[in-house]
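Q: no FASTA, just this:
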């Protein structure tokens, strides 16, 4: 009963304790926030980059090959994110989550999404074909991006904890990253409306994004793109 009593006490404390919150100007780390009802509000743009069909990859191919594909995708994504000032907040199996802040956070995140597409098409896929010319595997991925105010708090127990990123952007970006991989970059209307023209219209005058209706999310307007931004 000792564990049961302990859990009851802790859950009661979670729901009854007052919150301590403040506004943040930088992306917090685990040392910035205490366990419990302590949090930082942050205006941020969230990017999720997800390797599509990873279950098939793991089930149908050798583990070493699957690990190489995971590693190539996540490493390229991480380096592009870091090169553009994004903060990597989580690796979750076959996907990576990143946060962008500042005045150009939406344009920057969208460029990162298009550059991840470039890396997949022009760097990773050719490397797979070169090393494994007989494989029938084709890499697909999706990047989802949304922007909103987030509440960042800490969850877990002492010695084993992580940050929670609570808000519309983190939830919607994750859901967007599960959409059709024929259009590898998906953004919400809130992100699209904040993009600089260089990230909306190509140099030859063509629109880079196509509006769609997100029926699963109350018919919200979202935008998709299969454009690549050269690295």
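A: Thanks, I have it. Predicted, not measured: the structure shown is a model, and the values here were computed from it.
Q: can you get me the start-to-end distance on stretch 172-188?
A: One end of stretch 172-188 to the other measures 8 Å (C-alpha to C-alpha, to the nearest Å).
Q: please apply the same query to stretch 204-223.
A: Stretch 204-223 end-to-end distance (C-alpha to C-alpha) = 20 Å.
Q: what's across from residue 47 in the sheet?
A: Beta bridges link residue 47 to residue 98, residue 145 when assigned by DSSP bridges.
Q: show me what contacts it?
A: Neighbour list for residue 47: 81, 86, 97-100, 109, 112-113, 143-145, 173 [criterion: C-beta atoms under 8 Å, 6 or more residues apart in numbering]. All C-beta atoms are positioned from the backbone trio N, CA, C, and that covers glycine.
Q: and if you look at residue 115?
A: Applying C-beta under 8 Å, 6+ apart, the residues near residue 115 are 80, 84, 228-231.
Q: any idea how far residue 99 is from the spatially most central residue of the chain?
A: The structure's the chain has its C-alpha centroid closest to residue 48; by C-alpha atoms, centre = their mean the separation is 1.4 Å. Residue 48 sits 11 Å away from residue 99, going by C-beta to C-beta, to the nearest Å.
Q: mind giving me the packing neighbours of the host helix or strand of residue 59?
A: Assessed by DSSP states H and E, residue 59 sits inside helix 54-60. If you count contacts as 3 or more C-beta pairs under 8 Å, 6 or more residues apart in numbering; DSSP states H and E, helix 54-60 packs onto helix 63-83.
Q: for the helix it packs on, the distance to its chain's centre please.
A: 14 Å (C-alpha atoms, centre = their mean, to the nearest Å).
Q: in that helix, what's buried?
A: Across helix 63-83, burial judged by 16 or more other C-beta atoms under 10 Å covers 65-66, 68-70, 72-74, 76-78, 80-81.
Q: what's the first helix or strand after it?
A: Following helix 63-83 in sequence order, the next helix or strand is strand 87-92 (DSSP H and E).
Q: which stretches in this structure count as helices?
A: 2-16, 54-60, 63-83, 105-119, 125-131, 168-176, 189-192 (DSSP state H).
Q: most packed of these?
A: helix 105-119 (a mean of 24; mean count of other C-beta atoms under 10 Å).
Q: what about this protein, any weak spots by pLDDT?
A: Applying pLDDT under 70 to the chain flags residues 1.
Q: follow-up on the earlier one: got the helices of the chain as a markdown table, with distance to residue 39 columns?
A: Formatted as a markdown table, those follow (distance: least, C-beta to C-beta, whole Å):
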| stretch | distance to residue 39 |
| --- | --- |
| helix 2-16 | 13 |
| helix 54-60 | 32 |
| helix 63-83 | 24 |
| helix 105-119 | 20 |
| helix 125-131 | 41 |
| helix 168-176 | 14 |
| helix 189-192 | 22 |
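Q: perfect, that will be all.
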